[in-house]
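Student: predicted structure and sequence below. I'll ask about it afterward.
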Amino acid sequence: MKPIVWDKGCLRLLDQTKLPLEEKIIECRDYQSVADAIREMRVRGAPAIGAAAAYGMVIGARGIDAGDKKQWFKELEKVAETLKNTRPTAVNLTWAVDRMLKKAEENKHLGIRELQDILENEAVKIAREDVESNYAIGRFGNTLVPERARILTHCNAGALATVGYGTALGIVRAAHASGKDIHVFAGETRPFLQGARLTVWELMKEGIEVTLITDNMAGYVMAKGMVDLVIVGADRIASNGDVANKIGTYSLAVLAKENNIPFYVAAPLSTIDMSLSSGEEIPIEERAPDEVLYIQGRAIAPEGVKVFNPAFDITPNSLITAIITDKGVIKEPYDKNLKALFSDGTRGNN
Ligand SMILES: CSC[C@H]1O[C@H](OP(=O)(O)O)[C@H](O)[C@@H]1O
């Protein structure tokens, strides 16, 4: 399944708020509708929103009606700000938009039409690189998966969270494809239910064994010896290896430590933010109370109750067994080993 399809100036998105009951495609022909889709999580997942924002920059750039190039660049900055302000936690969003701006800046000597074409090529490159990264993560991660593995996942870090194949689910796919006996326990992931609605949908489509559990069952299955490893995605990783990921990830990491179960984080280099010294600096998005108060439009709590809805939490590096990237498996000491990862000028948020 492709959550993002670029079709000659139109960005087609699989509306993930409708899954699994409906496979609805929305067509974005202006950058504001791309921003709306990201903000409303119709497209979601750190790498996916980065790629969507890159295409939003292309659509925005082609829609600018500026008298001269200076004005054109000013308008492009406004497009960038709109897209960057949609969601604060996933660094891929900022990384992708800034990469597009940098590309335009590097070629500002060219005409506007050429700049627009260059930006389109760059967005296509970002999307292609993401899929390549996910296959690499799958290959590296598969080396850590035993022949028979019961894998607990959280949220959705699959094809739907990326341009294709997935990060955490990319490892599941690679292990399954290599003939290993894989069974996934998918945590439902309240309140947006990415696990129940998206991860289960993805895995069942491909015939990969999956069992849905509620978030509060994770401790039980781990304590009962029903889980061999935990693999999650990430939205932003600080230079010391602290990880921001979907709310509930930290709880799973503590439970995994308590039960001596390996806890892996799968992420491309575009999710690593080397400008941050620790997870304390990662902004945590707070989302609307209605996401907690309603399921499919039906109230599940008395009207008027106060709600706290942080969409992410921080898992300290001490609870992480390894970070599986598209450049290899990174273990502690994370500050030293992540720095070495970027020392050869590799792309990423350094
Ligand atoms: C492949 S990274 C996916 C990452 O993004 C998700 O967040 P959201 O659904 O709010 O965009 C979640 O944290 C996943 O681990």
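Tutor: Cool, the structure landed.
Student: hey, let's count contacts and neighbours off CA atoms from now on
Tutor: Fine.
Student: run through the helices of the stretch 201-350 of the chain in chain order.
Tutor: Along the stretch 201-350 of the chain, the segments classed as helices by DSSP state H, counting those that start in this stretch run 218-223, 249-258, 290-293, 334-342.
Student: wait, what's in contact with Asp313?
Tutor: Residues touching Asp313, when contacts are defined by Cα atoms under 8 Å, 6 or more residues apart in numbering, comprise 244-250, 284.
Student: try 10 Å this time
Tutor: Neighbouring residues of Asp313 by Cα atoms under 10 Å, 6 or more residues apart in numbering: 89, 235, 243-251, 279, 282-285.
Student: just the buried residues of the helix or strand hosting Tyr135, please?
Tutor: Here Tyr135, judged by DSSP states H and E, is contained in helix 112-142. Buried positions in helix 112-142, judged by neighbour count with 16 or more other Cα atoms under 10 Å: 112, 115-116, 118-120, 122-124, 126-127, 130-142.
Student: thinking again about what came up before, and the helices of the stretch 201-350 of the chain, which is most packed in?
Tutor: Each of these was assessed for mean neighbour count using mean count of other Cα atoms under 10 Å. The highest is helix 249-258, with a mean of 20.
Student: which secondary structure elements does that one contact?
Tutor: If you count contacts as 3 or more Cα pairs under 10 Å, 6 or more residues apart in numbering; DSSP states H and E, helix 249-258 packs onto strand 148-153, helix 218-223, strand 229-232, strand 243-246, strand 263-266, strand 312-315.
Student: who does the third one pair up with?
Tutor: Spelled out, that is strand 229-232. Using DSSP bridges, the strands paired with strand 229-232 in its sheet are strand 148-153 (parallel), strand 263-266 (parallel).
Student: now mean neighbour count, mean pLDDT and distance to the ligand too, for those strands, in JSON lines please.
Tutor: As requested, those are exported to JSON lines (neighbours: other Cα atoms under 10 Å; pLDDT from 0 to 100; distance: least, Cα to the nearest ligand atom, whole Å):
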{"stretch": "strand 148-153", "mean neighbour count": "21", "mean pLDDT": "98", "distance to the ligand": "9"}
{"stretch": "strand 263-266", "mean neighbour count": "24", "mean pLDDT": "99", "distance to the ligand": "8"}
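Student: what would these look like in TSV with distance to Ala54?
Tutor: Output for the strands paired with strand 229-232, formatted as TSV (distance: least, Cα to Cα, whole Å):
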stretch	distance to Ala54
strand 148-153	28
strand 263-266	22
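Student: pretty sure Gly60 is touching Gln32, no?
Tutor: Yes - contact status for Gly60 versus Gln32: in contact at 8.2 Å, counting by Cα atoms under 10 Å.
Student: my guess is Ala157 meets Leu203, correct?
Tutor: No - applying Cα under 10 Å as the test, Ala157 and Leu203 come out as separate, 11.6 Å apart.
Student: before we move on, the earlier item: shared neighbours, Gly60 and Gln32?
Tutor: 79, 83.
Student: between these two, which one's more packed in?
Tutor: When Gly60 and Gln32 are compared on other Cα atoms under 10 Å, the one with more neighbours turns out to be Gly60, at 23 against 16.
Student: what strand or helix carries that one?
Tutor: helix 46-63.
Student: so what does that helix touch, helix or strand wise?
Tutor: Taking 3+ Cα pairs under 10 Å, 6+ apart as the contact definition, the neighbouring helices and strands of helix 46-63 are strand 4-7, strand 10-14, strand 25-28, helix 31-39, helix 69-84, helix 91-106, helix 112-142.
Student: report the contact partners of the residue nearest to Asp181 when sequence neighbours are not counted.
Tutor: Setting aside the residues directly before and after it, Asp181 is nearest to Arg148 in space (Cα to Cα, 6 or more residues apart in numbering), at 4.5 Å. Contact analysis of Arg148 by Cα under 10 Å, 6+ apart lists 175-176, 179-183, 228.
Student: can we see that at 8 Å?
Tutor: Arg148 sits next to 180-182 when contact means Cα under 8 Å, 6+ apart.
Student: please report how far it lies from Asp290.
Tutor: The gap separating Arg148 from Asp290 is 40 Å, by Cα to Cα, to the nearest Å.
Student: looks like Ser239 contacts Met274 (just checking).
Tutor: Yes - contact between Ser239 and Met274 holds when scored by Cα atoms under 8 Å: they sit 4.5 Å apart.
Student: shared neighbours, those two?
Tutor: When contacts are counted by Cα under 8 Å, 6+ apart, the set common to Ser239 and Met274 consists of Lys339.
Student: near the ligand, which residues of the stretch 51-200 of the chain are found?
Tutor: If contacts are counted using Cα under 6 Å from any ligand atom, the residues of the stretch 51-200 of the chain sitting beside the ligand are 155-157, 161-162, 167.
Student: what's near enough to touch the residue nearest to Glu77 when sequence neighbours are not counted?
Tutor: Using Cα to Cα, 6+ apart and skipping residues adjacent in sequence, the residue nearest Glu77 is Leu101, 7.7 Å away. For Leu101, the contacting residues are 76-77, 80, taking Cα under 8 Å, 6+ apart as the criterion.
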